[in-house]
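**Student:** With the input below, show me the fold.
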Amino acid sequence: MARVAELAGVSSTTVSHVLNDTRTVNGPTKAAVLAAVAATGYRRNALARSLATSQTMTLGMASTPVSNAYFSELVRSVEAAASEAGYALLIADTHDEPARELAVVQQLIDRRVDGVLLAPSAHAHDAVSLLESAEVPTVLLDRFADADLDQVAPENHDATALLTEHLADAGHVRVAMVTGREGLHSTIERLAGYRDAVARRGLDRDPALVISGGSEVETAERAARTLFTAGDRPTAVVVGNNAMTIGVMKTLRTLDLTIPGDVALVCYDDFEWADFVEPRLTTIAQDVLATGSRAVQMMIERLTDPERPTRRERIAPRLMHRTSCGCTG
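**Tutor:** Sure, this is the predicted structure:
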């Protein structure tokens, strides 16, 4: 910085004001400083700046595996919004395991991130308690948790009820549901939406029609085999997320059951190839861009005003009506 100031014929303080935009500097002086910066190849020391300001301009994001298409897209939307706001993003994979989740949250805190965006696991109490006790600005995204923190997630209950009632409208009475990992708020809410629709429309309430797919392809494969090899198999199925949809479809193919001829299928979560397979999948599409953008916006608002009341917000998804439900899409 001293060399830049010497070349520009100004003080080091003026150089700092130009680079950090902390005070208005007249045009010719600013141009001289920027020319000196270019000539010397000077780059600001981010670590030194963070020590001086107590800000690293870095956010941490901890979520379930980014190999899941939905969460990969969510990470991209968060990174884009963070970058636009001037923040770098550190990404940590929790594997949806509480111990791993606690460890990566601690690592993000140790790296002095300005705030943490967390997609909480089913048992996120320890990680959430750590964030609260460390007084780290936090936003929970995609899934709610029982905590007094800013939170943003898609609407789950009504959307899943809509899928179930859509199958009822098509004449199905024996409608099954493959649910996600137990304990997740999204799993609880989607199952509640399904059950409310079943009760409202007088559908079969056989407990055997609800089975856990664990939010994973392989577990959902096994669950679907249980469902569709029983004596009185369902004529339609609601699947709780995109990974499980793949598992259910693999099992139906193995059993030589066609979609929608033998089994009508709808699912929560849209994904890139849902409109390209045959039949085209009827899904609930989350607004991932809006969820990621709003999470970052809530974080910046929290950083700007730490005393503001916490908020819980829902992002509305939409029905993508195609042909796997047995209707003309």
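**Student:** Where does pLDDT dip in the stretch 51-200 of the chain?
**Tutor:** 51-54, 66 (pLDDT under 70).
**Student:** Now do the strands in the stretch 1-150 of the chain.
**Tutor:** 58-63, 88-93, 115-118, 138-141, 150-154 (DSSP state E, counting those that start in this stretch).
**Student:** Need the CA coordinates for the last one. PDB is fine.
**Tutor:** The reference is to strand 150-154. The C-alpha coordinates for strand 150-154 follow below in PDB (Å, rounded to 0.1, in the frame of the first residue of the first chain):
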ATOM      1  CA  ASP A 150     -34.300 -17.000  11.000                       C
ATOM      2  CA  GLN A 151     -35.700 -19.800   8.800                       C
ATOM      3  CA  VAL A 152     -36.900 -20.200   5.200                       C
ATOM      4  CA  ALA A 153     -38.200 -23.300   3.600                       C
ATOM      5  CA  PRO A 154     -40.600 -24.500   0.900                       C
END
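**Student:** Buried residues, the next helix or strand after that strand. List them.
**Tutor:** Going down the chain from strand 150-154, the next helix or strand is helix 157-169, by DSSP states H and E. Within helix 157-169, the residues that count as buried by 16 or more other Cβ atoms under 10 Å are 157, 159-168. For the C-beta atoms, the positions are set from N, CA and C on the backbone; glycine is no exception.
**Student:** Could I get these in a markdown table, plus columns for distance to residue 281?
**Tutor:** Shown next, in a markdown table, are the buried residues of helix 157-169 (distance: Cβ to Cβ, whole Å):
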| residue | distance to residue 281 |
| --- | --- |
| 157 | 21 |
| 159 | 15 |
| 160 | 15 |
| 161 | 19 |
| 162 | 15 |
| 163 | 11 |
| 164 | 16 |
| 165 | 18 |
| 166 | 13 |
| 167 | 14 |
| 168 | 19 |
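**Student:** Which of those residues sits closest to residue 18?
**Tutor:** Taking Cβ to Cβ as the measure, residue 18 sits nearest to residue 159 out of the buried residues of helix 157-169, at 50.5 Å.
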